[in-house]
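Visitor: coords please:
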Amino acid sequence: MSRIVSIVIAEKLVERAMPHPDEQLLPSVKWGDPWCLFTPAYWLAQAWMAELDTKPSTRYRARDGVVEELVFCLLGGYGITAEMATAAYDRCRKANLIEARETRQEAWASALSSPLTVGGRSARYRYPNQKSGYLASAMGSILRDPLCMDSGLGLRDQLLRLPGVGYKTASWVARNVLDCDDVAILDIHIIRAGRLCGLFASSDRVEKDYRSMEAKFLSFCQAIGLRPAALDCVIWDGMREAGNLPIRALEQTWTDLANSKKNSRSSMSHQYSLEI
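Guide: Next up, the predicted model:
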């Protein structure tokens, strides 16, 4: 069963068909309403309004190439802000370390150890020695074994063999460079959104369940009718802009679940005592 919803697209009021809110998108996942935050219907409406369902590629593309994207991703993470990673990347680029595919760790460490200017202030890059080791090792591996560009999965599997590169980083590089739909970037925003709509269980962990969680997200994208590369951009933007609201919503969900289990046990205990 479907219904007609009205949304604004390109400053025009447009009517679109959408499944009934109680209809299942996937097992344990209902469509919900487009005006209810973090439901599948909400994310589909957001994608429609951004016209991502009609665009051939996403706006999150690689900087200049696969190596450049890999360097930028390696410079981020572990609490390093995007602004800090950008400043560090620009420093390394100006030092010609990226173009030269520099394999000496000390060269990368020298560039990353000096203070950077971030937001008009002087700041020091975190983990310059560790990251310089990853970068130097990655450059050496790439020079010995050129990266596979035939598929997202092929590129990701090759990147996973590099020190300091995990599933999220490898998937990010593959998606941004190839604009592919066979991998998913399961960052904290995607994970929270998945838990809020019932796609991911609270026991799912990317550290041990990345591939199974990725399969769930790719099935979610197929069911909703959007490219993974487009949907993860919509969710990432929306969850980031929502601030701590998703966290509060998850906390409330867990509280409600705990209370439900508590009430269920209490009811069973009461019934047992009556039967005795």
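
Visitor: M239 reaches R192, doesn't it?
Guide: Yes: under the contact definition of CB atoms under 8 Å, M239 touches R192, with a separation of 6.1 Å. (Glycine included, C-beta is placed from N, CA and C.)

Visitor: what about those two, which has more around it?
Guide: In this comparison of M239 against R192, neighbours counted by other CB atoms under 10 Å, the higher total goes to M239 at 23 against 19.

Visitor: now the more buried one, what's its secondary structure?
Guide: Assigned state for M239: helix (three-state reduction, DSSP: H, G, I helix; E, B strand; the rest coil).

Visitor: Check the gap between the residue nearest to it when sequence neighbours are not counted and G238 for me.
Guide: Excluding its sequence neighbours, the residue lying closest to M239 (CB to CB, 6 or more residues apart in numbering) is H189, at 3.8 Å. Here H189 is placed at a distance of 8 Å from G238 (CB to CB, to the nearest Å).

Visitor: Same check on F72?
Guide: Counting by CB to CB - F72 and G238 are separated by 23 Å.

Visitor: ok so, going back, pull up the overlap in contacts between M239 and R192.
Guide: P246 (CB atoms under 8 Å, 6 or more residues apart in numbering).

Visitor: what packs against the helix or strand harbouring the residue nearest to M239?
Guide: In the assignment (DSSP states H and E), H189 maps to helix 188-196. Judged by 3 or more CB pairs under 8 Å, 6 or more residues apart in numbering; DSSP states H and E, the packing partners of helix 188-196 are helix 206-224, helix 228-241, helix 245-275.

Visitor: which residues sit against that helix?
Guide: Residues beyond helix 188-196 that count as contacts (CB under 8 Å, 6+ apart) turn out to be 38, 43, 184, 199-202, 204, 206, 213, 216-217, 220, 232, 235-236, 238-240, 246-247, 249-250, 253.

Visitor: Just the buried residues from these, in PyMOL please.
Guide: Selection of buried members from the contacts of helix 188-196 for PyMOL, criterion 16 or more other CB atoms under 10 Å:
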select buried, resi 38+43+184+199+200+204+206+213+216+217+220+232+235+236+238+239+246+249+250
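
Visitor: Give me the neighbour count for L143.
Guide: When neighbours are defined as other CB under 10 Å, L143 has 10 of them.

Visitor: What separation is there between it and R161?
Guide: Taking CB to CB as the criterion, L143 is separated from R161 by 14 Å.

Visitor: before we move on, what about Q24?
Guide: Q24 is 39 Å from R161, by CB to CB.

Visitor: Neighbour count: those two, which is higher?
Guide: Set side by side, Q24 and R161 show unequal neighbour counts under other CB under 10 Å, the larger going to Q24 at 13 against 10.

Visitor: Got phi/psi on the more buried one?
Guide: phi -80, psi 130 (degrees, to the nearest 10).

Visitor: just for the stretch 51-200 of the chain, where's the confidence low?
Guide: Across the stretch 51-200 of the chain, the ranges flagged by pLDDT under 70 are 56-63.

Visitor: For it, which segments count as strands?
Guide: Listed in chain order, the strands of the stretch 51-200 of the chain (DSSP state E, counting those that start in this stretch) span residues 116-118, 121-123.
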